[in-house]
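A.B. asks: need coordinates for the below:
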Amino acid sequence: MSIDRIVMAFAGVMILVSVALTQYHDPRWMWLTVFVGANVLQSGFTRFCPLAIILKKVFGAKPGQAFE
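C.D. replies: Presented below is the predicted three-dimensional model:
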């Protein structure tokens with residue numbers, strides 16, 4: 001699995017988890033959704049994603065087209 005797919009899957013999981021936490025625990029967990037969405041948006045323009053860097057350097061995941 002490429003870094004691109006791992007990053008998108010991780011972002012999706014984090015959004016779903018934060019929405020569930022917002023619903024069942026505390027509404028302030030919505031800020032996690034905002035953070036993840038903003039990070040995905042900025043990485044679309046800048047091609048900078050901390051998770052992609054970690055996946056490449058630490059875990060040796062192969063890069064895709066988005067995070068080369």
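
A.B. asks: find the centremost residue of this structure, please.
C.D. replies: residue 11 (3.3 Å; CA atoms, centre = their mean).

A.B. asks: tell me which element that one is part of?
C.D. replies: helix 3-24 (DSSP states H and E).

A.B. asks: so what secondary structure elements neighbour that helix?
C.D. replies: helix 30-46, helix 50-57 (3 or more CB pairs under 8 Å, 6 or more residues apart in numbering; DSSP states H and E). (Glycine included, C-beta is placed from N, CA and C.)

A.B. asks: run the angle between the shortest one and helix 30-46 for me.
C.D. replies: Right, the one you point to is helix 50-57. Orientation note: helix 50-57 sits at an angle of 70 degrees relative to helix 30-46 (axes from the mean of the first three to the mean of the last three CA atoms, to 10 degrees).

A.B. asks: now helix 50-57: buried residues?
C.D. replies: 51-52, 55-56 (16 or more other CB atoms under 10 Å).

A.B. asks: what is the most widely separated pair among these?
C.D. replies: 51 and 56 (9.6 Å; CB to CB).

A.B. asks: dump stretch 26-38 to PDB, restricted to CA.
C.D. replies: Extracted in PDB, the C-alpha atoms of stretch 26-38 (Å, rounded to 0.1, in the frame of the first residue of the first chain):
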ATOM      1  CA  ASP A  26     -17.800  16.000  24.300                       C
ATOM      2  CA  PRO A  27     -18.500  18.400  21.400                       C
ATOM      3  CA  ARG A  28     -15.000  19.800  21.600                       C
ATOM      4  CA  TRP A  29     -13.700  16.700  19.900                       C
ATOM      5  CA  MET A  30     -14.900  18.300  16.700                       C
ATOM      6  CA  TRP A  31     -11.700  20.300  16.700                       C
ATOM      7  CA  LEU A  32      -9.900  17.100  15.900                       C
ATOM      8  CA  THR A  33     -12.000  16.800  12.700                       C
ATOM      9  CA  VAL A  34     -11.200  20.400  11.900                       C
ATOM     10  CA  PHE A  35      -7.500  19.800  12.400                       C
ATOM     11  CA  VAL A  36      -7.500  16.700  10.200                       C
ATOM     12  CA  GLY A  37      -9.500  18.400   7.500                       C
ATOM     13  CA  ALA A  38      -7.200  21.400   7.500                       C
END
